[in-house]
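[1] need a 3D model of the sequence below.
(one chain, ligands or ions: 2)
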Amino acid sequence: MTRILFYLDEPGYEIWKEAFIDAIPGVDVRNYPHWGEPEDGPAYAFVWNPKPGIIADQPNITHVFSFGAGVDHILRDPTIPEELPVIRMSDDGLKDGMAEFVLMSVLMHHRGMHKLMAAQLQKQWIDTFYPTEAADVRVGMLGYGALARAAISRLLPIGYKINAWSRTPKATENNVTHYAGREDLADFLNATDILVCLLPATSETNNLLDADTLSLLPKGAAIINAGRGNLIDIDALVVQLDSDHLSGATLDVFPTEPLPQGSLLWHHPKITITPHIAAITRPKNATRYVAHCIAQIERGKQPDNLLDRSSGY
Ligand code: NAP
Ligand code: GLV
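    Ligands and ions are numbered 1, 2, ... in the order given. Model (predicted):
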């Protein structure tokens, strides 16, 4: 029998339990702290932000499924055995959600919606202004993984010029010009009007966008961060916004979440805040994805999207 040990740091268990029962007939789903004893037999864990120590305490866990595409919420627990396979979420629901969020946010920056919304609050009728044609807007994807590719598939039909940057080299394909590694970062940033950050949190991506790298963006560029809060040095970002080097930022992820009440970011006129909702893992699609991976494992195959511990994603 398939056994799922479930941990979510917020309400919602009942909905997930029903979804698992639909996706995996006969499944035994157990909500933390009622995970049972290791002697109960092999189990898969399905977790978001698990309490440190709880996975290591359960040596019958054979694989850990991450609720999200990111695994930083799991890897922060140093007690998890190195050899325990961790599988990242990459279902179609997550990809669609991120693609919609990126499309919405890019269009808002391109069409000056933040300025128009501020003008409405002042009952101000802005005289005609000419938005740049989409073909002249260079959207730079920082990260060229599953979510970035899903977003690109929605951005290309609008006509944007798309560039992408990632760790390993790739061929230029589908009208996306590719840049790789630190040696290409300056050229990539120089050629970006709207930067979309979709990188994982790893030791290499920590504060990747700091005072030096942010200043490589052209004057007037905008930033959308839907990756992780560690990617941007927030103080440096605010300096660049206040000096008018950058025109605006949409931030969905933060170094501390929830964003503290006292944060000055809440009131910054050039910052739009969303509460880590760019792509939400939805029960129906996600449990089907888990069922698919479990079927792969039970056929003796390597599941899709296994975490590579050496790269951290
Ligand atoms: P993915 O398929 O693994 O793609 C990750 C991309 O980042 C790859 O292109 C990878 O390069 C690149 N990368 C990693 N480290 C790098 C480095 N040091 N330098 C340059 N590029 C680097 O992951 P994904 O499924 O697209 O998810 C991306 C991230 O989105 C997640 O890790 C998570 O943090 C975030 N996320 C946020 C939300 C939200 O609601 N805000 C929702 C879901 C996910 P290579 O192609 O060379 O490997
Ligand atoms: C959400 O942040 C995820 O990693 O899927």
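[2] what count of nearby residues applies to residue 116?
    13 (other C-beta atoms under 10 Å). To be clear about C-beta, it is placed using only N, CA and C from the backbone, and glycine gets the same treatment.
[3] now the strands: where do they sit in the stretch 151-300 of the chain?
    Here the stretch 151-300 of the chain has its strands, by DSSP state E, counting those that start in this stretch, at 161-166, 176-180, 194-197, 221-225, 246-251, 271-273.
[4] ok, how many other residues are close to the residue of the stretch 101-250 of the chain found nearest ligand 2?
    Proximity of the stretch 101-250 of the chain to ligand 2 (C-beta to the nearest ligand atom) peaks at residue 228, 7.5 Å away. Neighbourhood size, residue 228 [other C-beta under 10 Å]: 23.
[5] what of residue 282?
    For residue 282, the tally of surrounding residues (other C-beta under 10 Å) stands at 16.
[6] ok, it touching residue 95?
    No - applying C-beta atoms under 8 Å, one finds residue 282 not in contact with residue 95, separated by 11.3 Å.
[7] could I get the full set of helices for this structure?
    Applying DSSP state H to the chain gives helices spanning 13-23, 72-75, 92-110, 113-121, 146-155, 181-190, 211-214, 234-242, 283-298.
[8] please give the centre-to-centre distance between the second one and its chain.
    When C-alpha coordinates are averaged (C-alpha atoms, centre = their mean, to the nearest Å), helix 72-75 and its chain have centres 13 Å apart.
[9] who are the packing partners of that helix?
    Packing partners of helix 72-75 (3 or more C-beta pairs under 8 Å, 6 or more residues apart in numbering; DSSP states H and E): strand 43-48, strand 61-66.
[10] turn these into TSV, columns for mean pLDDT.
    Shown next, in TSV, are these (pLDDT from 0 to 100):
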stretch	mean pLDDT
strand 43-48	98
strand 61-66	98
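[11] okay, now the closest residue to residue 22 other than its chain neighbours: neighbour count?
    Excluding its sequence neighbours, the residue lying closest to residue 22 (C-beta to C-beta, 6 or more residues apart in numbering) is residue 287, at 7.1 Å. The local packing of residue 287 (other C-beta under 10 Å) involves 26 other residues.
[12] residue contacts, residue 287?
    Residue 287 makes contacts with 16, 19-20, 22-24, as judged by C-beta atoms under 8 Å, 6 or more residues apart in numbering.
[13] need the helices of the chain in CSV with distance to residue 274, can you?
    As requested, those are exported to CSV (distance: least, C-beta to C-beta, whole Å):
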stretch, distance to residue 274
helix 13-23, 22
helix 72-75, 18
helix 92-110, 8
helix 113-121, 13
helix 146-155, 15
helix 181-190, 23
helix 211-214, 21
helix 234-242, 15
helix 283-298, 20
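[14] is it possible to export those to JSON lines including mean pLDDT and distance to ligand 2?
    Conversion of those to JSON lines gives the following (pLDDT from 0 to 100; distance: least, C-beta to the nearest ligand atom, whole Å):
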{"stretch": "helix 13-23", "mean pLDDT": "98", "distance to ligand 2": "15"}
{"stretch": "helix 72-75", "mean pLDDT": "97", "distance to ligand 2": "8"}
{"stretch": "helix 92-110", "mean pLDDT": "98", "distance to ligand 2": "6"}
{"stretch": "helix 113-121", "mean pLDDT": "94", "distance to ligand 2": "23"}
{"stretch": "helix 146-155", "mean pLDDT": "98", "distance to ligand 2": "8"}
{"stretch": "helix 181-190", "mean pLDDT": "98", "distance to ligand 2": "23"}
{"stretch": "helix 211-214", "mean pLDDT": "98", "distance to ligand 2": "23"}
{"stretch": "helix 234-242", "mean pLDDT": "98", "distance to ligand 2": "18"}
{"stretch": "helix 283-298", "mean pLDDT": "97", "distance to ligand 2": "10"}
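[15] all good on my end, thank you.
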